[in-house]
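>>> Everything below, folded, please.
(6 chains)
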There are 4 protein chains.
Amino acid sequence: MKPKDEGKIDEIYTATLALVKEQGLAGITMSQIARKAGFATGTVYIYFANKDELIVKLFDKCINDYTRDHFAGYDPSAPFKVAFHTIWMNMLRYSIEHFHEMVFIEQCFHSPFISEATRKATKDRLLPWRELIERGKKEKLIKQVDASWIMLFVRGSVRDLVKHCAYHQLKITNEFRETMFEMCWDGIRD
Amino acid sequence: MKPKDEGKIDEIYTATLALVKEQGLAGITMSQIARKAGFATGTVYIYFANKDELIVKLFDKCINDYTRDHFAGYDPSAPFKVAFHTIWMNMLRYSIEHFHEMVFIEQCFHSPFISEATRKATKDRLLPWRELIERGKKEKLIKQVDASWIMLFVRGSVRDLVKHCAYHQLKITNEFRETMFEMCWDGIRD
Amino acid sequence: MKPKDEGKIDEIYTATLALVKEQGLAGITMSQIARKAGFATGTVYIYFANKDELIVKLFDKCINDYTRDHFAGYDPSAPFKVAFHTIWMNMLRYSIEHFHEMVFIEQCFHSPFISEATRKATKDRLLPWRELIERGKKEKLIKQVDASWIMLFVRGSVRDLVKHCAYHQLKITNEFRETMFEMCWDGIRD
Amino acid sequence: MKPKDEGKIDEIYTATLALVKEQGLAGITMSQIARKAGFATGTVYIYFANKDELIVKLFDKCINDYTRDHFAGYDPSAPFKVAFHTIWMNMLRYSIEHFHEMVFIEQCFHSPFISEATRKATKDRLLPWRELIERGKKEKLIKQVDASWIMLFVRGSVRDLVKHCAYHQLKITNEFRETMFEMCWDGIRD
DNA sequence: GATGAATGAGCCTTCATTCAT
DNA sequence: CATGAATGAAGGCTCATTCAT
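Reported below is the predicted structural model:
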């Protein structure tokens, strides 16, 4: 008996992400995905009930990875700026290494695939990040501004920088990283 | 093709933008657009040769408006920070008042509708903005960082802030505007 | 403007019935139906939301016609045997002239298309027929047997006779009609 | 192909008949059959080359049983009415005890599975039944009517009565049997 | 010009059949 | 033999586009 090969799920995910990056959510087809992943159309339906489920499950996985990666090596007891730096760099790294995922998540937010509920659930996963910002405010290290605004300010700038680099095939140097970090930091510090 | 009723084009545009905001580029259909605009499917084809042309023309119009609006009331001979403030506020205002357009542009960037050439042509239109940044660098008012990075840093943060406000139906107060401006400004100033 | 041509519905029905007679409900396809009716596949979907709806609506129409036709020229105040004769002949005529419909109804009864509720609703429509049988019993003209059994005895024999004739392309003469009627009548009379 | 486990064939048959009764020939799938029979899809293909063969062989088996059962305990030398009674009761018993088979046979007649030839071959198997009818005519015990008509008259009424009982879960009493027999008999006797 | 019915190519999905284990 | 994952042809349905009114 041939057991279900769960590894195929990742191949399907990878193929989907690549196609969405190239063509957007509009216009990708199940047969394209299957072809790119290297098997027959029907095979995709062994692992996913339908296109919708494939997109939604991939979305969930991406959101999971995205939020989890923020906190790699994060030590909440470290000094604020150190902790902030850790998360900021994680955010940057994820965006660079998972550019396809970033694009996919963005496209999903305005699509018939993702429900309002899913959209809203996403932000709860970044609670420790929000708490860190609040701590920074309490320690008078950063501006007394609504934490959401700080978070968005940081994420928005990171995202557009990464996109730019991705589109223009720029290598992202350590110098770039630190320069960008300084800009963010200067923007929010008290 | 010289249609009598030029206003219909705008109604088609408005309908399209609203639908894309709700459902993304994926899943909008010509008949949906027509219905939302208030006329028959065939009518859309009197004003646009096909779906592709509709999307591309709307994209062009959006990019045009977007870039043009940056420079409303912009006086290149004003002091740097004043000029920068003008453009920054224009950018913010556009993003707020034309949220649908912003979403649409974003979705188009990863879609089969927009070619690589179109994508790249966009940035030429912001030349005066780039020149202003270069001037700020020369006047040692802002950091000695690649102008593109400054531009992206600014735009990215503005975009995510506006998105957040749009999704959460937050009113955007003058206090908010100035606070955000301060963050951007502190981020880039020397 | 091209108005919806309701006549197309009948053409679709006719095509469907012919195909079901030839191939059974199993194996008829929407494109076959469309081709036989003489238009494109998509056209069928202008008049019916999906295959299911097409089958169910056709089934309803057939049941309607079938039951209605029983009572053509039926005079409840006529002597029992005359009234019975009228309905019996109507039943026979319908089965002969609407052989396709008969086959279709039969196939639907054991199909995923027809619900239990629909199945049960059908028999209510033959109430006057049942009442006539009850009257015959009261007048001691026919056997004191459950009315359903009488009805089924009659319908079953008629159906199989008609099927036989249809399959063997036999002409149905008046002599045949009267002979068959006599058999039925002798079977149930007291 | 000499499969070890001949019993599996019967399980496949039983599963198929049950499914056809529930859903009709339309809409039954090989995997449904396999699941209902209790093994894997591929297993069915060890015993039958394909779906077509499965249906046709089952059809043949059903027709065989059906016709064979007519003549259980049948003594051609018995008086006509006794012999007729025997066969009539056999026919009724089969229809009751093999209701699924009856439905299946009926569905097959209008399906792409059964050829015209198969359809016609069926009736040859009832030759002794036809001969008995002819004998009854010669003995002036029954009406001088085409034997086929007599046979169909009898079979049709039996079938619909049984269907009715099956659908309404009625118990079939001996009284019912004899009453029905009387109706048939009165219908055909001279 | 405006309409919306008609068209048919193409997408999602199912399912008969095969085949590696 | 038995299994059920893999395959891909074919069917249901959608939707961009055309065209008769």
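>>> Just give the closest residue to A:Leu19, not the sequence neighbours.
A:Ile28 (4.6 Å; C-beta to C-beta, 6 or more residues apart in numbering or on different chains). Yep, even glycine has a C-beta here, placed from its N, CA and C like the rest.
>>> Would you mind measuring from that neighbour to A:Ser111?
As for A:Ile28, its distance to A:Ser111 is 11 Å (criterion: C-beta to C-beta, to the nearest Å).
>>> try A:Arg68
Taking C-beta to C-beta, one finds A:Arg68 at 23 Å from A:Ser111.
>>> and those two? which has more neighbours close in?
Shown here are A:Arg68 and A:Ser111; by other C-beta atoms under 10 Å in any protein chain shown, A:Ser111 has more neighbours (21 against 12).
>>> What residues does the residue of chain A found nearest chain C make contact with?
The nearest approach of chain A to chain C comes at A:Asn50, 16.9 Å away (C-beta to the nearest C-beta). Not one residue lies near A:Asn50 by C-beta atoms under 8 Å, 6 or more residues apart in numbering or on different chains.
>>> one step back: can you confirm the residue nearest to A:Leu19 is in a helix?
No: looking at A:Ile28 with DSSP: H, G, I helix; E, B strand; the rest coil, it is coil, so not inside a helix.
>>> Could you pull up phi and psi at A:Ile142?
When read as degrees, to the nearest 10, the backbone of A:Ile142 gives phi -130, psi 170.
>>> Now it. Nearest residue, chain neighbours left out?
A:Gly136 (4.2 Å).
>>> Using PDB, list the CA coordinates for the host helix or strand of that neighbour.
Assigned by DSSP states H and E, A:Gly136 belongs to helix A:127-138. Included here for helix A:127-138 are C-alpha records, laid out as PDB according to Å, rounded to 0.1, in the frame of the first residue of the first chain:
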ATOM      1  CA  LEU A 127       0.500  40.000  21.500                       C
ATOM      2  CA  PRO A 128       4.100  39.700  22.900                       C
ATOM      3  CA  TRP A 129       5.200  42.200  20.400                       C
ATOM      4  CA  ARG A 130       2.500  44.600  21.500                       C
ATOM      5  CA  GLU A 131       3.400  44.000  25.100                       C
ATOM      6  CA  LEU A 132       7.000  44.900  24.300                       C
ATOM      7  CA  ILE A 133       5.900  48.100  22.800                       C
ATOM      8  CA  GLU A 134       3.900  49.000  25.800                       C
ATOM      9  CA  ARG A 135       6.900  48.300  28.000                       C
ATOM     10  CA  GLY A 136       9.000  50.600  25.900                       C
ATOM     11  CA  LYS A 137       6.400  53.300  26.400                       C
ATOM     12  CA  LYS A 138       6.300  52.700  30.200                       C
END
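>>> And that helix, how far out from the chain middle?
In terms of C-alpha atoms, centre = their mean, to the nearest Å, the centre of helix A:127-138 is found 20 Å from the chain centre.
>>> now do stretch A:51-68
In terms of C-alpha atoms, centre = their mean, the gap separating the centre of stretch A:51-68 from the centre of its chain is 10 Å.
>>> Please apply the same query to stretch A:159-179.
Distance of stretch A:159-179 from its chain centroid, counting by C-alpha atoms, centre = their mean, is 16 Å.
>>> Equivalent analysis for stretch A:183-190, please.
With C-alpha atoms, centre = their mean as the basis, stretch A:183-190 stands 23 Å off its chain's centre.
>>> With stretch A:151-158 instead?
13 Å.
>>> Next, count neighbours for the closest residue to A:Ala147 other than its chain neighbours.
Of all residues not flanking A:Ala147 in the chain, A:Ile133 sits nearest, at 4.4 Å (C-beta to C-beta, 6+ apart). A:Ile133 is flanked by 24 other residues according to other C-beta under 10 Å.
>>> I'd like to know which elements the lowest-mean-pLDDT helix or strand in chain A is packed against.
Least confident helix or strand, chain A: helix A:116-124 with a mean of 80, by mean pLDDT, DSSP states H and E. Applying 3 or more C-beta pairs under 8 Å, 6 or more residues apart in numbering or on different chains; DSSP states H and E, one finds that helix A:116-124 contacts helix A:51-70.
>>> Could you give the average pLDDT over the helix it packs on?
Average pLDDT, helix A:51-70: 94.
>>> Contacts for it, please.
If you take C-beta under 8 Å, 6+ apart as the criterion, helix A:51-70 is touched by A:12-13, A:16-17, A:25, A:30, A:33, A:44, A:48, A:87, A:90-91, A:93-94, A:98, A:101-102, A:104-105, A:108, A:111, A:113-114, A:118, A:122, A:125-126, A:128-129.
>>> now with 6 Å?
A:13, A:16, A:30, A:48, A:87, A:90, A:94, A:101, A:105, A:108, A:113, A:122, A:125-126, A:129 (C-beta atoms under 6 Å, 6 or more residues apart in numbering or on different chains).
>>> which helices and strands does the helix or strand just after that helix pack with?
Next along the chain after helix A:51-70, taking DSSP H and E as the criterion, comes helix A:80-97. Helix A:80-97 is packed against helix A:51-70, helix A:147-167, with contacts defined by 3 or more C-beta pairs under 6 Å, 6 or more residues apart in numbering or on different chains; DSSP states H and E.
>>> For helix A:80-97, the averaged confidence score.
Computed over helix A:80-97, the average pLDDT equals 95.
>>> Buried residues, it. List them.
A:80, A:83-96 (16 or more other C-beta atoms under 10 Å in any protein chain shown).
>>> repeat for stretch A:59-68
A:59, A:62-63, A:66-67.
>>> So which of the residues you listed is the closest to chain B?
Of all these, A:Phe59 has the smallest distance to chain B: 12.6 Å, by C-beta to the nearest C-beta.
>>> ok, so what distance separates A:Ser115 from DNA strand F?
A:Ser115 sits 18 Å away from DNA strand F, going by C-beta to the nearest atom of the strand, to the nearest Å.
>>> just A:Glu131 next, same as before
Separation of A:Glu131 from DNA strand F (C-beta to the nearest atom of the strand) stands at 43 Å.
>>> residues near that residue, how many?
Counted with other C-beta under 10 Å, A:Glu131 comes out at 12.
>>> Backbone dihedrals for the nearest residue to it once chain neighbours are set aside, please?
Excluding its sequence neighbours, the residue lying closest to A:Glu131 (C-beta to C-beta, 6+ apart) is A:Pro76, at 7.9 Å. Note on A:Pro76: backbone dihedrals following degrees, to the nearest 10 are phi -60, psi -20.
>>> So the residue lying closest to A:Thr86 once chain neighbours are set aside versus A:His98, what's the distance?
Closest residue to A:Thr86 apart from its sequence neighbours, by C-beta to C-beta, 6+ apart: A:Tyr74 at 5.2 Å. Taking C-beta to C-beta as the measure, A:Tyr74 and A:His98 are separated by 18 Å.
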